[in-house]
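J.: model the structure of this input:
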Amino acid sequence: MAGNRKKNASNSPHTPMPSAESGCPVDALVSLIMGPWTAYIVWVLLQHDSIRFSELMKDVHGISARMLTVRLRRLEAAGLVRREQHLGIPPHVCYELTARGRELAQVMTPLESLANKWFAEDQAARRAPASGADEVRSTLPRLQGI
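T.: Coordinates of the predicted model:
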């Protein structure tokens with residue numbers, strides 16, 4: 001079956017990360033992974049060893065095929081994603097994170113934890129009565145009668 005696979009030549013582990021205009025490596029990395037849809041795509045890829053393009057489209061809710069292709073190409077050019085074309089019937093393409101791409105779990109996992117914590121706090125705040133605003137409203141009628 002190895003003859004039915006075609007890997008892209010850009011799978012080199014030595015693919016340099018795109019540079020930022022600022023010259024700051026942190027800025028370059030953040031710009032790369034925080035582009036439109038990119039963090040979401042990386043997050044989904046971290047949950048799979050390898051995933052077909054069509055499945056990735058389903059898992060990244062709301063993204064267009066064109067935008068997914070553009071983002072994947074950018075991640076591939078940066079050496080974070082590997083594209084593998086399967087020439088079987090039917091032909092299909094799978095994507096997976098490279099070793100370098102998998103290193104993003106060290107950043108994405110704490111971000112996911114923080115996002116979930118904040119989301120839960122925001123949900124709780126929406127359900128709780130706004131005590132400060134209620135206190136102000138309850139004193140207004142008394143102040144108007146003075």
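
J.: for the lengthiest helix in the chain, C-alpha coordinates in CSV please.
T.: When the chain is parsed with DSSP state H, its longest helix is helix 105-127. Taking Å, rounded to 0.1, in the frame of the first residue of the first chain, the C-alpha atoms of helix 105-127 are listed here in CSV:
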residue,chain,number,x,y,z
ALA,A,105,-0.1,21.1,22.6
GLN,A,106,2.1,22.6,25.2
VAL,A,107,0.5,26.0,24.4
MET,A,108,-3.0,24.9,23.3
THR,A,109,-3.8,22.7,26.3
PRO,A,110,-3.4,25.5,28.9
LEU,A,111,-5.2,27.9,26.6
GLU,A,112,-8.1,25.4,26.3
SER,A,113,-8.2,25.1,30.1
LEU,A,114,-8.2,28.8,30.6
ALA,A,115,-10.9,29.3,27.9
ASN,A,116,-13.1,26.6,29.5
LYS,A,117,-12.6,28.2,33.0
TRP,A,118,-13.6,31.7,31.7
PHE,A,119,-16.5,30.3,29.7
ALA,A,120,-17.8,28.6,32.9
GLU,A,121,-17.3,31.8,34.9
ASP,A,122,-19.2,33.8,32.2
GLN,A,123,-22.0,31.3,32.2
ALA,A,124,-22.3,31.5,36.0
ALA,A,125,-22.3,35.3,35.9
ARG,A,126,-25.1,35.3,33.4
ARG,A,127,-27.2,33.0,35.6
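
J.: what is the mean pLDDT for that helix?
T.: Mean pLDDT, helix 105-127: 93.

J.: one more: stretch 66-77?
T.: Stretch 66-77 comes out at a mean pLDDT of 96.

J.: residues in contact with it?
T.: Stretch 66-77 has contacts (Cβ atoms under 8 Å, 6 or more residues apart in numbering) with 8, 10, 15, 18, 32, 35-38, 41-42, 53, 56-57, 60, 63, 81-83, 95, 101. Heads up, the C-betas are built off the backbone N, CA and C, glycines and all.

J.: buried ones in that stretch?
T.: Using 16 or more other Cβ atoms under 10 Å as the burial criterion, the residues of stretch 66-77 that qualify are 68, 71-72, 74-76.
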